[in-house]
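Engineer: Model the structure of this input:
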Amino acid sequence: MNSIKRAPYIAFIIAKKYVTTTVRLTMCPIRYYKKIYTRTGDKGTSVTFTGVRKPKDDIIFDALGTTDELSSAIGMSAEHCKEAGHQLTDKLQLIQCALQDVGSNIATPFSSARTAHLKQVQFNRKFVSDLESWIDEMTDQLPPLKNFILPSGGKSSCSLHFARSVCRRAERSMTPLVRDKEIDEETLKFVNRLSDFLFTAARFCAMREGRTEAIYIRTEETKLDLGKKTNENIHDLGKKTSEDIHSSRDV
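Structural biologist: Prediction:
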């Protein structure tokens, strides 16, 4: 039989079927199950940190799912970086932990949260300054960015670019919640800065591996058949057609 014990309320579940985080909000009887499935979401609903049941397509669960997806993408990047010998794995794992905290905050909408809830999910603002320090450290070693670049430069670089694009989607999914004052705006700052970090890390890995980053070319002007051109041709022409183009990424 499953035992019943006095325990902290299980308030937040990210990727609910896989990871359960226990936080001390209110002492109440909890039944612990050995099985991974609960059947409570079979009708298309799930529950927030604050105990409110909502449909699974609610913006809260959309944002939760996207940040979970982002963490998975970063985990894949970390494995590629580790295989290539890059010293980024520890940083990427710290970022994954920070994303768990972002998820806790998303799952605790202010409109239904009590003070006890908010104390448990307060987001550490130091995460943002840490990202900025890491970005600056890598940027100091990179050549200036003068052209638009395409996701390229090896497996580590490409996987980080992929994680960056997922990060942008996570940011978009969180924006309505910040606008409605349902979550801490610091979490959005973190995710915005994280996409900058992932972009810089992708370039850094390509540089360390001696890889060439593919450059964007305005094909309607050059009339290139890209399938017949070498990377060297594209790189040289990219310098001519994009010499006045700077990074278009948000700040």
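Engineer: surely residue 127 meets residue 96?
Structural biologist: No. Here residue 127 lies out of contact with residue 96, judged by Cβ atoms under 8 Å, at a distance of 11.8 Å. Glycine gets a C-beta too; all of them are placed from N, C-alpha and C.
Engineer: if I pick the residue lying closest to residue 78 once chain neighbours are set aside, what's in contact with it?
Structural biologist: Nearest residue to residue 78, sequence neighbours excluded (Cβ to Cβ, 6 or more residues apart in numbering): residue 92, at 4.1 Å. Residue 92 is in contact with 74, 75, 77, 78, 81, counting by Cβ atoms under 8 Å, 6 or more residues apart in numbering.
Engineer: Assumed residue 92 was part of a helix.
Structural biologist: Yes. Under DSSP: H, G, I helix; E, B strand; the rest coil, residue 92 falls within a helix.
Engineer: quick one: it from residue 107, how far?
Structural biologist: Distance from residue 92 to residue 107, counting by Cβ to Cβ, to the nearest Å: 23 Å.
Engineer: Over to residue 114?
Structural biologist: From residue 114 to residue 107 the distance is 14 Å (Cβ to Cβ).
Engineer: who's more crowded, these two?
Structural biologist: The residue with more neighbours, out of residue 114 and residue 107, is residue 107; 25 against 12, by other Cβ atoms under 10 Å.
Engineer: neighbours around the closest residue to that one other than its chain neighbours, how many?
Structural biologist: Once flanking residues are discounted, residue 107 sits nearest to residue 49: 4.1 Å by Cβ to Cβ, 6+ apart. A total of 27 residues lie near residue 49 under the criterion other Cβ under 10 Å.
Engineer: cool, residue 152 as well?
Structural biologist: Around residue 152 there are 16 residues (other Cβ under 10 Å).
Engineer: Is it in a helix, a strand, or coil?
Structural biologist: Residue 152 carries the three-state label coil when classified by three-state DSSP.
Engineer: ok, which stretches of the chain are helices?
Structural biologist: Assigned by DSSP state H, the chain shows helices spanning 59-84, 89-106, 115-120, 126-139, 155-179, 185-208, 219-222, 231-241.
Engineer: neighbouring contacts of the fifth one?
Structural biologist: Identification of contacts with helix 155-179 by Cβ under 8 Å, 6+ apart yields 59-60, 62-63, 66-67, 69-70, 73-74, 76-77, 80-81, 83-84, 86, 106, 109, 151-152, 183, 185, 187-188, 191-192, 194-195, 198-199, 201-203, 205-206, 209, 211, 213.
Engineer: Just the buried residues of the residues you listed.
Structural biologist: 59-60, 62-63, 66-67, 69-70, 73-74, 77, 80-81, 86, 106, 109, 151-152, 183, 187-188, 191-192, 194-195, 198-199, 201-203, 205-206, 211, 213 (16 or more other Cβ atoms under 10 Å).
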